[in-house]
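Trainee: just to be clear, the model below is a prediction. Sequence and coordinates:
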Protein chains: 2
Amino acid sequence: MSSLADQAIVWQDNHLVLLDQRELPSDVCFIDCHEVADVIHAIRDMVVRGAPAIGVTAAFGVVLAARVRYQQSPGSWRQDIEQDLQDMLLARPTAVNLRWAIEKMRNEISNLPDGDPEPSLLSKAQTIHQEDILANKTLGDFGATLLTNESTVLTHCNAGALATGGYGTALGVIRSAYAQEKITAIYADETRPWFQGTRLTAWELLQDNIPVTLICDSAAASLMRQKKLAWVIVGADRVASNGDVANKIGTYSLAVMARQHNVKFMVAAPTSTIDMQIKSGDDIEIEERADYEITSLRDQPIGPDDAGVWNPVFDITPAEFVTALVTEKGVIKAPNSSKIEAIMKY
Amino acid sequence: MSSLADQAIVWQDNHLVLLDQRELPSDVCFIDCHEVADVIHAIRDMVVRGAPAIGVTAAFGVVLAARVRYQQSPGSWRQDIEQDLQDMLLARPTAVNLRWAIEKMRNEISNLPDGDPEPSLLSKAQTIHQEDILANKTLGDFGATLLTNESTVLTHCNAGALATGGYGTALGVIRSAYAQEKITAIYADETRPWFQGTRLTAWELLQDNIPVTLICDSAAASLMRQKKLAWVIVGADRVASNGDVANKIGTYSLAVMARQHNVKFMVAAPTSTIDMQIKSGDDIEIEERADYEITSLRDQPIGPDDAGVWNPVFDITPAEFVTALVTEKGVIKAPNSSKIEAIMKY
């Protein structure tokens, strides 16, 4: 756990330091966040991405917000900080961990005694961070038990150390299973339009000396038809209470292809990603991002200006397509409302 | 028919001039081919691409080869040119129109009287070119009859004027149906790794003032789930005698998704794309191209050097997924060996 990917979110010298994931892997550089506005910008502009990583980052954002609000007005900072929490919530709409972490911090705020809130809030944010890493290791081991020996797996986007507090969700399962010598080949979709597979997943796995083979997103069905793929393993940005999964665009495509080819489909996510307030995937807001992500490459146009673009960056995979939902509290095979309700109470 | 896309393959001033499709749409430039080696390079390096366009280009390549071989040795040029024909055949393995066109020209060569072969061969190549355009217009109209009013369609890669002698196959159907006001929305997959959708299809349609909306390849399943898509319409690089279809990577994914969502799936291809020597898709050679198409963008690396890459650029869609195979000889619904054999004899 000394790889660069584990330095994606670090509290250092009284501020938050984020690995700038937009520049990986060609440049390894860091962004300093001294104020909540820096954190909001980092989340919105995808310096940091991945639902659990966004949650951890937001928790540290609350620490920075509280520092300024307390300095400005020790008497009213608890009311004043609400504006910052609302602004953070709007930074990205789909990942529920953002709301989850802010709720945890808001709860901490309401229970604090008077006086400087920073030490307590920092401690709480650090706990959220450490618990996320621990949850990922636990769910990684749970997920690995589902794999038989000599498994070939495909993952999508980056649900790794970079996308979480550390270790990763989908890549946590892959790390654990690889360490147990259960995996013979790992394929990664390149994941348009942001190339998280090429830029982040391949880089992160190779940093840990885990070999990986990249494919175009559109080659996944051929891969399933030609190679003996055992599992598709993905993370999640939000899981509805019925087990429907919001995740990176292309996840639902993979689920459809996996069913056609009798490939099993695993969603690896900590329970902080499960949104019990949402009945089904139909109620999850899907973020649509800018046209230029499709019509340009490295800031140069590749398509006509006047083409229309539809750029949803997440999709919904209905629960019926999910072979197993793997959380830190255990594995739910063929997830549905009652099984999820049971595990959330556990 | 005065658009730039119709100048993709032009015989001019005694040589072949090709629109360089690698640079579109940001640069519109042309490559002069004076020798068969120039033609081979243009096909291999994808200056020209698309099965019918490769066939037409190869026919003109035979003219250039014959000119040199006849000048070198009027007595033995018919034997000498065989080397050029073999070299051309190897330029790209999957598109059958390359072999089809060379066979047509070889047949012409064997029937020629003694004397300068160039005028006759040029006339034959021009006939092949004109017949391809005519076939596309005919199949375009046939395909359009399958669409009901207010259809929304999705196409993949570029099976347009740029990919053929002119008018296009899949885009031929879309042009005809759009002219008949049957289409309300056209979506185009960007088509990794070469972005034929973004660079070529969007450009070509917009040149004809036909509006188009681009999506990532991986968004197709969401599109089918959320929007009322009537048809996926694609071209083909080779159709086996049983109706299995080799086409741009991602075509098979779309076929699987289309079946899941009750979307109809049309393959538009002239009979020159049907290979009666091939029993099924299993026997079609699938070209794999270089790693850098996946690991770099505009010559700059985007992924780690040491990542593996699997880059098949075509895939096989089994005939059972095809709602209709549309040729210039008519429409074959639910294609199979006997129906294809019948139409090829027609």
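Mentor: Okay, I see it. Numbers count the residues shown, from 1 in each chain, chains lettered A, B, ... in the order given.
Trainee: where in chain A is pLDDT low?
Mentor: Low-confidence segments of chain A, defined by pLDDT under 70: A:1-2.
Trainee: how is it divided into domains?
Mentor: A:5-135, A:139-345 (automatic domain parsing).
Trainee: with distance to B:Glu341 and mean neighbour count as extra columns, can I get those domains in JSON lines?
Mentor: Using the backbone N, CA and C atoms, a C-beta is placed for each residue, glycine as well. Listed next are the domains of chain A as JSON lines, based on distance: least, C-beta to C-beta, whole Å; neighbours: other C-beta atoms under 10 Å in any protein chain shown:
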{"stretch": "domain A:5-135", "distance to B:Glu341": "51", "mean neighbour count": "19"}
{"stretch": "domain A:139-345", "distance to B:Glu341": "26", "mean neighbour count": "22"}
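Trainee: out of those domains, flag the one nearest chain B.
Mentor: domain A:139-345 (2.8 Å; C-beta to the nearest C-beta).
Trainee: all helices for the stretch 201-346 of chain A, in order.
Mentor: In the stretch 201-346 of chain A, the segments counted as helices under DSSP state H, counting those that start in this stretch are A:202-207, A:220-226, A:251-260, A:292-295, A:337-345.
Trainee: what is the first one packed up against?
Mentor: Using 3 or more C-beta pairs under 8 Å, 6 or more residues apart in numbering or on different chains; DSSP states H and E as the contact test, the elements touching helix A:202-207 are helix A:170-179, strand A:183-189.
Trainee: now stretch A:299-319, how far from the chain's geometric center?
Mentor: 20 Å (C-alpha atoms, centre = their mean, to the nearest Å).
Trainee: so is it next to chain B?
Mentor: Yes: shown here: stretch A:299-319 in contact with chain B (C-beta under 8 Å from any C-beta of the partner chain) through A:300-304, A:306-312, A:315-316.
Trainee: pull the CA atoms of that stretch into PDB?
Mentor: Extracted in PDB, the C-alpha atoms of stretch A:299-319 (Å, rounded to 0.1, in the frame of the first residue of the first chain):
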ATOM      1  CA  ASP A 299      -8.500  20.200 -26.600                       C
ATOM      2  CA  GLN A 300      -8.400  19.700 -30.400                       C
ATOM      3  CA  PRO A 301     -11.700  19.200 -32.300                       C
ATOM      4  CA  ILE A 302     -12.200  15.700 -33.900                       C
ATOM      5  CA  GLY A 303     -15.700  16.100 -35.100                       C
ATOM      6  CA  PRO A 304     -17.900  18.800 -36.700                       C
ATOM      7  CA  ASP A 305     -19.000  21.700 -34.400                       C
ATOM      8  CA  ASP A 306     -22.600  21.400 -35.500                       C
ATOM      9  CA  ALA A 307     -23.100  17.700 -34.600                       C
ATOM     10  CA  GLY A 308     -25.400  17.100 -31.700                       C
ATOM     11  CA  VAL A 309     -24.100  15.200 -28.700                       C
ATOM     12  CA  TRP A 310     -25.800  13.000 -26.100                       C
ATOM     13  CA  ASN A 311     -23.200  12.500 -23.300                       C
ATOM     14  CA  PRO A 312     -24.800  10.800 -20.200                       C
ATOM     15  CA  VAL A 313     -21.800   9.700 -18.100                       C
ATOM     16  CA  PHE A 314     -23.700   7.100 -16.000                       C
ATOM     17  CA  ASP A 315     -26.300   4.500 -16.800                       C
ATOM     18  CA  ILE A 316     -28.700   2.300 -14.800                       C
ATOM     19  CA  THR A 317     -28.300  -1.500 -14.700                       C
ATOM     20  CA  PRO A 318     -31.500  -3.100 -13.400                       C
ATOM     21  CA  ALA A 319     -31.000  -5.400 -10.400                       C
END
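Trainee: what residues does the stretch 151-300 of chain A put near chain B?
Mentor: A:187, A:189-193, A:195, A:198-199, A:202-203, A:206, A:211-223, A:225, A:249-250, A:252-253, A:256-257, A:259-260, A:294-295, A:297-298, A:300.
Trainee: kindly export stretch A:243-263 (C-alpha atoms) in CSV.
Mentor: Only the C-alpha atoms of stretch A:243-263 are listed here, as CSV (Å, rounded to 0.1, in the frame of the first residue of the first chain):
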residue,chain,number,x,y,z
GLY,A,243,-30.6,-3.2,-6.2
ASP,A,244,-30.6,-1.2,-9.4
VAL,A,245,-27.1,0.2,-10.1
ALA,A,246,-26.0,3.5,-11.4
ASN,A,247,-22.4,3.3,-12.7
LYS,A,248,-20.2,4.6,-15.4
ILE,A,249,-21.8,4.7,-18.9
GLY,A,250,-21.3,1.4,-20.5
THR,A,251,-21.9,-0.7,-17.4
TYR,A,252,-25.5,-1.5,-18.5
SER,A,253,-24.2,-2.5,-22.0
LEU,A,254,-21.8,-4.9,-20.3
ALA,A,255,-24.6,-6.3,-18.2
VAL,A,256,-26.7,-7.0,-21.3
MET,A,257,-23.8,-8.6,-23.1
ALA,A,258,-22.9,-10.7,-20.0
ARG,A,259,-26.4,-12.1,-19.8
GLN,A,260,-26.2,-13.1,-23.5
HIS,A,261,-22.9,-14.9,-23.0
ASN,A,262,-23.6,-16.5,-19.6
VAL,A,263,-20.9,-14.3,-18.0
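Trainee: dump the domains of chain A to JSON lines, plus distance to B:Pro25.
Mentor: Putting those into JSON lines (distance: least, C-beta to C-beta, whole Å) gives the following:
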{"stretch": "domain A:5-135", "distance to B:Pro25": "26"}
{"stretch": "domain A:139-345", "distance to B:Pro25": "6"}
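Trainee: and those: which comes nearest B:Phe265?
Mentor: domain A:139-345 (13.4 Å; C-beta to C-beta).
Trainee: and the end-to-end length of that closest one?
Mentor: 17 Å (C-alpha to C-alpha, to the nearest Å).
Trainee: equivalent analysis for stretch A:151-171, please.
Mentor: 15 Å.
Trainee: same check on stretch A:39-59?
Mentor: 10 Å.
Trainee: does A:Val17 count as helix, strand or coil?
Mentor: strand (DSSP: H, G, I helix; E, B strand; the rest coil).
Trainee: contacts only, for it.
Mentor: A:Val17 makes contacts with A:Ile9, A:Val10, A:Trp11, A:Phe30, A:Ile31, A:Asp32, A:Cys33, as judged by C-beta atoms under 8 Å, 6 or more residues apart in numbering or on different chains.
Trainee: in space, what's closest to it - neighbours in sequence excluded?
Mentor: A:Val10 (4.8 Å; C-beta to C-beta, 6 or more residues apart in numbering or on different chains).
Trainee: that's a strand at that neighbour, yeah?
Mentor: Yes: counting by three-state DSSP, A:Val10 is found in a strand.
Trainee: of the helices of the stretch 201-346 of chain A, which approaches B:Arg106 most closely?
Mentor: Judging the helices of the stretch 201-346 of chain A by C-beta to C-beta, what sits closest to B:Arg106 is helix A:220-226, at 33.2 Å.
Trainee: so the residue located most distally from the centre of chain A is in which element?
Mentor: Within chain A, the residue lying farthest from the chain centre (C-alpha atoms, centre = their mean) is A:Gly75, at 36.3 Å. Taking DSSP states H and E as the definition, A:Gly75 sits outside all helices and strands.
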